[in-house]
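In: Show me the folded form of this:
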Amino acid sequence: MLSYLRVLFTLLIFSVEVTWTDGVESGCDDWISYTKDDVCCTRCKPGNRLVKRCGEEPEKLCTPCDPGMYVTKIDNRCYRCTQCTGIQITVKPCTGSSDAVCGCKAGFRCGDDKCSFCVTECKKGEEPTSDRLCRACPEGTFNDKLHSECKEWSKSCPEGFLFDNGNTTHDRTCISADPGLMSVVKTIEKEQADMPPVLFAVGIAGLAVFCVVVSMVAFVKGRNTTKKPKIVNPEQDISEESRIVAEEQEDCSCRHPEQEQGGSSNSIHTQSSESKLLT
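Out: Numbering: from 1, shown residues only. Presented below is the predicted three-dimensional model:
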């Protein structure tokens with residue numbers, strides 16, 4: 001009986017005792033009594049982490065997280081609070097039971113769902129790029145919203161309507177036109193459709209004229225080009241004549257050796273006769 005009264009007294013004291021640590025109420029928020037001297041905590045108070053599942057004193061089963069940290073209901077673990085720095089601003093401060101919520105300064109916006117970084121906010125007529133900057137919508141596109149991708153202009157209008165000029169922030173619109181103006185427009189559109197074949201024909205004709213001009217220039221230059229006259233060297237001619245005379249003399253010497261030998265014999269014979277007469 002005394003033990004039962006002691007447990008009731010402990011529970012009564014715990015229910016009225018409040019301990020604050022950095023603005024967070026400490027202790028177990030819900031528990032189950034398995035025995036007279038033992039209770040088990042099923043849920044800690046917000047901002048508290050579970051220290052021990054069961055024990056005699058429920059207020060000692062949970063304890064608040066340290067300053068600058070918060071706890072989640074999923075795993076009863078304390079995590080460090082997110083710091084909003086730079087161009088980030090604090091939208092909601094960190095508490096013992098929830099993390100801080102960050103935002104971005106004017107002219108910027110969150111780059112992801114958790115706003116872990118900020119990017120430049122693109123205006124109308126612009127679109128975001130992969131390097132977190134903005135660029136103007138290309139020709140033929142527009143964007144009428146903040147930080148959105150550019151879209152192409154409309155491409156067709158109903159019969160009897162014409163396109164009004166579009167720009168980077170507004171799409172082209174269709175406006176009604178009188179029959180006379182529509183006739184002019186159709187004529188212009190037909191001329192534009194026929195323009196590519198005409199340009200092709202003009203290009204072919206220009207190429208043909210160019211080839212003819214090049215051929216004529218080459219022909220004229222060929223006719224004006226003459227061969228250089230051969231330069232005669234007098235010394236070379238004299239040398240050539242001397243060589244021919246020498247060859248002729250050698251031919252003569254080779255053809256009449258007997259005549260020279262005969263002349264020598266006759267001379268010897270004459271000298272012998274003269275010596276005989278003298279004796």
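In: which residues does C174 bridge with?
Out: Each beta-bridge partner of C174 is listed here, defined by DSSP bridges: F163.
In: Next up, the contacts around it.
Out: S154, C157, P158, F161, L162, F163, D164 (CB atoms under 8 Å, 6 or more residues apart in numbering). Where C-beta positions appear, they are placed from N, C-alpha and C, glycine not excepted.
In: per-residue pLDDT, it?
Out: If you check C174, the pLDDT there is 90.
In: Show me which of the contacts of C174 are buried.
Out: For those, a neighbour count by 16 or more other CB atoms under 10 Å gives the buried set as C157, F163.
In: got the contacts of C174 as TSV, with pLDDT and distance to E127 columns?
Out: As requested, the contacts of C174 are arranged in TSV below (pLDDT from 0 to 100; distance: CB to CB, whole Å):
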residue	pLDDT	distance to E127
S154	92	18
C157	87	25
P158	87	29
F161	84	28
L162	86	28
F163	85	22
D164	86	23
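In: Pick the one among the contacts of C174 closest to A177.
Out: Proximity of the contacts of C174 to A177, judged by CB to CB, is greatest for L162, which lies at 4.6 Å.
In: what about the closest residue to that closest one other than its chain neighbours, neighbour count?
Out: Nearest-residue entry for L162: A177, 4.6 Å, with adjacent residues in sequence omitted and distances by CB to CB, 6 or more residues apart in numbering. Applying other CB atoms under 10 Å, we find 15 other residues in the vicinity of A177.
In: ok, A177 touching F161?
Out: Yes - look at A177 against F161 with CB atoms under 8 Å: they come within range, at 6.6 Å.
In: excluding its backbone neighbours, what's nearest R135?
Out: Distance criterion CB to CB, 6+ apart; nearest residue to R135, sequence neighbours excluded, is T129 at 5.6 Å.
In: Backbone dihedrals for the one you found, please?
Out: In this entry, T129 is assigned phi and psi values of phi -110, psi 170 (degrees, to the nearest 10).
In: That one contacts A136, correct?
Out: No - between T129 and A136 there is no contact, the gap being 10.9 Å when judged by CB under 8 Å.
In: Domain map for the protein?
Out: Dividing the chain into domains by automatic domain parsing, as the record does, gives the ranges 2-80, 82-121, 123-186.
In: Any chance of those domains in TSV with distance to F219 as columns?
Out: Formatted as TSV, the entries for the domains of the chain read as follows, by distance: least, CB to CB, whole Å:
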stretch	distance to F219
domain 2-80	90
domain 82-121	67
domain 123-186	49
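In: Among those domains, show the one with the smallest mean pLDDT.
Out: The stretch with the lowest mean pLDDT among the domains of the chain is domain 2-80, at a mean of 74.
In: Could I get the phi/psi values of K221?
Out: Taking degrees, to the nearest 10 as the convention, K221 sits at phi -60, psi -30.
In: can you tell me which residues contact it?
Out: Residues near K221 by CB under 8 Å, 6+ apart: none.
In: Run a quick neighbour tally on the residue nearest to R135.
Out: Residues near T129, counting by other CB under 10 Å: 12.
In: ok, so of the contacts of C174, who is nearest D171?
Out: Checking these one by one against D171 (CB to CB), the nearest turns out to be S154, at 5.6 Å.
In: roughly how far apart are the closest residue to the closest one other than its chain neighbours and D144?
Out: By the measure of CB to CB, 6+ apart, the closest residue to S154 outside its immediate chain neighbours is R172, 5.2 Å from it. Look at R172 and D144: by CB to CB, to the nearest Å, they are 12 Å apart.
In: Look at the two and report which has more neighbours.
Out: Between R172 and D144, counted using other CB under 10 Å, the more crowded position is R172 (18 against 13).
In: W153 is in contact with that one, correct?
Out: Yes - counting by CB under 8 Å, R172 does reach W153; the two are 4.6 Å apart.
In: which neighbours do the two share?
Out: Common contacts of R172 and W153, defined by CB under 8 Å, 6+ apart, comprise G166.
In: Any figure for the gap between the residue nearest to L162 and T63?
Out: With CB to CB as the criterion, A177 and T63 are 79 Å apart.
In: Please apply the same query to C41.
Out: Using CB to CB, one obtains 11 Å as the distance from C41 to T63.
In: the more surrounded of the two?
Out: Counted by other CB under 10 Å, C41 and T63 do not tie: C41 has more neighbours, with 25 against 22.
In: All the helices of this structure, in order from the start?
Out: 2-16, 179-224, 234-255, 257-278 (DSSP state H).
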